[in-house]
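K.L.:
Structure of the sequence below:
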Amino acid sequence: MREDIPEWLGKPPIRGSTQWDTWLQKWREYARTVLKDTAADDPDFDFGLLSVEERWQVDIMLTIRDGVELGKQGSVLPSIPESRKTTDLKFANVIAWQVGRSVSKEKNPELEGAELLAEAWAEKHANPKRRRLSHGIRYGFLAGLGGEAAMPAWSTPDYVTAYEAAWNMGNAIAIEADPR
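P.N.:
As a prediction, this is how the structure comes out:
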């Protein structure tokens, strides 16, 4: 949780209570007007109450979820940045798209070139942190398809977040495909 909540607003009460609803309305109004926080209206980001690290974790989870869905549906490759400067989120999106393509029911021969391009781009833009993200996405997804949660290989927050997000996507696909 973020640490810059004003003293006059007080600490958040127990969620789900009527005091929580009142407090949340005051917080959202303050966050929108004073802090100019666009996440104040976004429940995915806990209405702007998340710390910077927690927001990044939510961003990576949403990016992985969306990337896997795009790949699974047989959609085109997300835009790959042409410049040398790229972000970890863009990198995770490309890896998640590749993972989604691996289980896609729609095999589109036109996307084979995009798959090769994505592989070359990912290799070119990999660094130690991005390799951890890639590993977490790929192995988390495979573990999810198998239905068994396993201990992540690294304990860094970025790896664990990527692993869990990919595991959830893989597990959802496994449940969807289960004939029972």
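K.L.:
And this structure, what are its domain boundaries?
P.N.:
Listed domain ranges for the chain are 1-50, 52-177 (source: automatic domain parsing).
K.L.:
what's the most buried one of these?
P.N.:
domain 52-177 (a mean of 17; mean count of other CB atoms under 10 Å). (Glycine included, C-beta is placed from N, CA and C.)
K.L.:
next one: that domain to chain centre, how far?
P.N.:
9 Å (CA atoms, centre = their mean, to the nearest Å).
K.L.:
Kindly report the same for stretch 36-50.
P.N.:
On CA atoms, centre = their mean, the centre of stretch 36-50 falls 16 Å from that of its chain.
K.L.:
The chain should start at 40 in everything you say after this.
P.N.:
With 40 as the first residue, the last one maps to stretch 75-89.
K.L.:
before we move on, the earlier item: want to throw the domains of the chain into CSV with mean pLDDT?
P.N.:
Formatted as CSV, the domains of the chain follow (pLDDT from 0 to 100):
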stretch, mean pLDDT
domain 40-89, 82
domain 91-216, 81
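K.L.:
Next one: the residue nearest to the spatial centre of the chain from residue 152, what distance?
P.N.:
Closest to where the C-alpha atoms of the chain average out (CA atoms, centre = their mean) is residue 100, at 1.6 Å. To residue 152, residue 100 is 29 Å away according to CB to CB, to the nearest Å.
K.L.:
How about residue 197?
P.N.:
From residue 197 to residue 152 the distance is 30 Å (CB to CB).
K.L.:
ditto for residue 54
P.N.:
48 Å.
K.L.:
Over to residue 64?
P.N.:
For residue 64 relative to residue 152 (CB to CB), the value is 51 Å.
K.L.:
Many thanks, have a good one.
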